[in-house]
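>>> Return a 3D structure for these sequence lines:
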Amino acid sequence: MKIAIVDNCAYERTQTVSSINEYMTRCGMTEAVYSEFSSAYEFAAVLGKQTFDITVLDTDMDKMTGIDAAHILRRTQPSCAIIFVTNSRDFSIEGYMVHAAGYVLKPAADNKEYLFEALSFSIKRSLHDVAFIMVKCAVGERYILLDDILVLSKQFNIIYLELKDGETFALSGKYFDYEHRLLDDGRFIKTGRSQLLNADRISAVTHEGFLLDNGKEISLGRRVRERTYAEYIKHKAQWGKR
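Just a heads-up that it's a prediction; the model follows:
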């Protein structure tokens, strides 16, 4: 886990790192690597060379604000979680415009519950993005990122896996073993007795079902439509927008 701490106050950076380490120790995570930056300008200058899983940003800094740096970060590293730790409440609206995972008032040591909540969400999201499944198909075993999966289905006793790049292939094994793994991840919703849909790949809700981000339309029967819509809304509320 690579974490950037961006604050023009060395003492505040130290306190933030200490608080994050406390949370990581509680969670049994000891492999965090920290990179400290004394200005948003310094941080922005390395974004083409270094990548981060989580960035903790102050908002009020010289030359470039943390909000400005967050916009650059969001364009260059869209999957990086952003947490603002600041003295000011003035930038809270701007913070949500870059889909910040949290907005914590300084000192972070006095507001640990909010920092820990933001860290929990950020870490879960980071692990969520790299989760994978091993499947068995005609060419042997393959490891597939869950984020690349559009649909898992079973039709006429054949299990199909459809990916976002348009590739579809048949799987061997038991459908319910694959279904259990995907449902356990949290991003997949049931759209039929033997069909799962990746809710992260839904771009729009239609009158008939869903439109996926690759243009594919998923039609749902009237009986399952209301239940499936409710599951999708629950998923969006839990994970938010990337």
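
>>> C-alpha only now, for contacts and for neighbours.
Noted.

>>> which element follows the lowest-mean-pLDDT helix or strand in the chain toward the C-terminus?
Of all helical and strand segments in the chain, the minimum by mean pLDDT, DSSP states H and E falls on helix 92-97, at a mean of 57. Following helix 92-97 in sequence order, the next helix or strand is strand 102-105 (DSSP states H and E).

>>> So, low pLDDT: which residues of this protein?
Of all residues in the chain, those with pLDDT under 70 make up the ranges 30, 89-97, 127-130, 238-242.

>>> Geometric centre of it: which residue is closest?
residue 125 (3.4 Å; CA atoms, centre = their mean).

>>> Output the helix or strand containing that one as CSV, restricted to C-alpha atoms.
In this structure, residue 125 sits in helix 112-130 according to DSSP H and E. In CSV, the C-alpha atoms belonging to helix 112-130 read as follows (Å, rounded to 0.1, in the frame of the first residue of the first chain):
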residue,chain,number,x,y,z
LYS,A,112,-9.2,9.6,14.3
GLU,A,113,-12.6,8.1,13.9
TYR,A,114,-13.2,10.1,10.7
LEU,A,115,-9.7,9.4,9.4
PHE,A,116,-10.0,5.7,10.2
GLU,A,117,-13.4,5.6,8.4
ALA,A,118,-11.9,7.2,5.3
LEU,A,119,-8.9,4.8,5.4
SER,A,120,-11.2,1.8,5.7
PHE,A,121,-13.2,2.9,2.6
SER,A,122,-10.0,3.7,0.7
ILE,A,123,-8.3,0.4,1.5
LYS,A,124,-11.4,-1.7,0.7
ARG,A,125,-11.7,0.2,-2.6
SER,A,126,-8.0,-0.4,-3.5
LEU,A,127,-8.3,-4.1,-2.8
HIS,A,128,-11.5,-4.2,-4.7
ASP,A,129,-9.8,-2.9,-7.8
VAL,A,130,-7.2,-5.7,-7.9
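
>>> Skipping its backbone neighbours, what lies nearest residue 141 in space?
Using CA to CA, 6 or more residues apart in numbering and skipping the chain neighbours, the partner closest in space to residue 141 is residue 135 (5.6 Å).

>>> what's near enough to touch residue 12?
Residues counted as contacts of residue 12 (CA atoms under 8 Å, 6 or more residues apart in numbering) are residue 107.

>>> could you check the distance from it over to residue 115?
14 Å (CA to CA, to the nearest Å).

>>> what do you get for residue 87?
Residue 87 is 14 Å from residue 115, by CA to CA.

>>> what packs against the helix or strand where residue 69 lies?
Assigned by DSSP H and E, residue 69 belongs to helix 66-76. Applying 3 or more CA pairs under 8 Å, 6 or more residues apart in numbering; DSSP states H and E, we find helix 66-76 packed against helix 40-45.

>>> Summarise which helices and strands the very next helix or strand once past the helix it packs on is packed against.
Moving toward the C-terminus from helix 40-45, the next helix or strand (DSSP H and E) is strand 54-57. Identification of packing neighbours for strand 54-57 by 3+ CA pairs under 8 Å, 6+ apart yields strand 2-6, strand 81-86.
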